[in-house]
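[1] have a look at this prediction, sequence included:
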Amino acid sequence: MESSADEKENSLPSSDRRFALSYIGWTTLDRRTTLPMLPWLVADIRRKSEKGDCGPQVQSRDVQLVLNPPLLRCVPSNNSNSSVFIFEHKAQLISRFIHNSNDLSYFAYLLRGQPDNPESEMSCHVFKASDPTLLCTSKLV
């Protein structure tokens, strides 16, 4: 049975904002990590991804980042089923966006495990856009 484009569109919520990206990877942050250290952290995630030195925390793949408040969901780019996802966060848990001025195609965000607890564990998720202007015009970062 063939599925048409209309059927695929109908299976996705119409309020979603979707961004085609490459998910480079993620890592947890040490509580002692400071803001000036973040570019090095992002560079380390990128380097591991580019070398193919991918452990369970660094997995480069094509994805769609779906913004459907209050959720931010990362789904495989080849899947139209909105219930299949790689990870999902509450948008309110994002504490900071990081955009590299040297390479506009990469960005990252920091995610706090518990928004009311400044001591809670944080993670950093890194993405790459094939078109850097997407990031400037989308108001995602």
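    Perfect, I can see it now.
[2] name the next helix or strand downstream of the top strand by length along the chain, please.
    What stands out as the longest strand in the chain, according to DSSP state E, is strand 17-29. From strand 17-29 onward toward the C-terminus, using DSSP states H and E, the following helix or strand is helix 38-51.
[3] how about the strands of this protein, start to end?
    In the chain, the segments counted as strands under DSSP E are 17-29, 61-68, 71-76, 87-90, 94-99, 106-112, 122-128.
[4] next, the angle from the longest strand of the chain to strand 71-76.
    90 degrees (axes from the mean of the first three to the mean of the last three C-alpha atoms, to 10 degrees).
[5] list the buried residues in strand 17-29.
    By neighbour count, and taking 16 or more other C-beta atoms under 10 Å as the criterion, the buried residues in strand 17-29 are 21, 22, 23, 24, 25, 26, 27, 29. For the C-beta atoms, the positions are set from N, CA and C on the backbone; glycine is no exception.
[6] could I get the strands of the chain as JSON lines with mean pLDDT and distance to residue 46?
    Written out in JSON lines, the entries for those read as follows (pLDDT from 0 to 100; distance: least, C-beta to C-beta, whole Å):
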{"stretch": "strand 17-29", "mean pLDDT": "91", "distance to residue 46": "6"}
{"stretch": "strand 61-68", "mean pLDDT": "90", "distance to residue 46": "14"}
{"stretch": "strand 71-76", "mean pLDDT": "92", "distance to residue 46": "17"}
{"stretch": "strand 87-90", "mean pLDDT": "91", "distance to residue 46": "19"}
{"stretch": "strand 94-99", "mean pLDDT": "88", "distance to residue 46": "12"}
{"stretch": "strand 106-112", "mean pLDDT": "92", "distance to residue 46": "7"}
{"stretch": "strand 122-128", "mean pLDDT": "93", "distance to residue 46": "7"}
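[7] can you redo those as a markdown table with distance to residue 50?
    Written out in a markdown table, the entries for the strands of the chain read as follows (distance: least, C-beta to C-beta, whole Å):
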| stretch | distance to residue 50 |
| --- | --- |
| strand 17-29 | 9 |
| strand 61-68 | 14 |
| strand 71-76 | 20 |
| strand 87-90 | 22 |
| strand 94-99 | 18 |
| strand 106-112 | 11 |
| strand 122-128 | 10 |
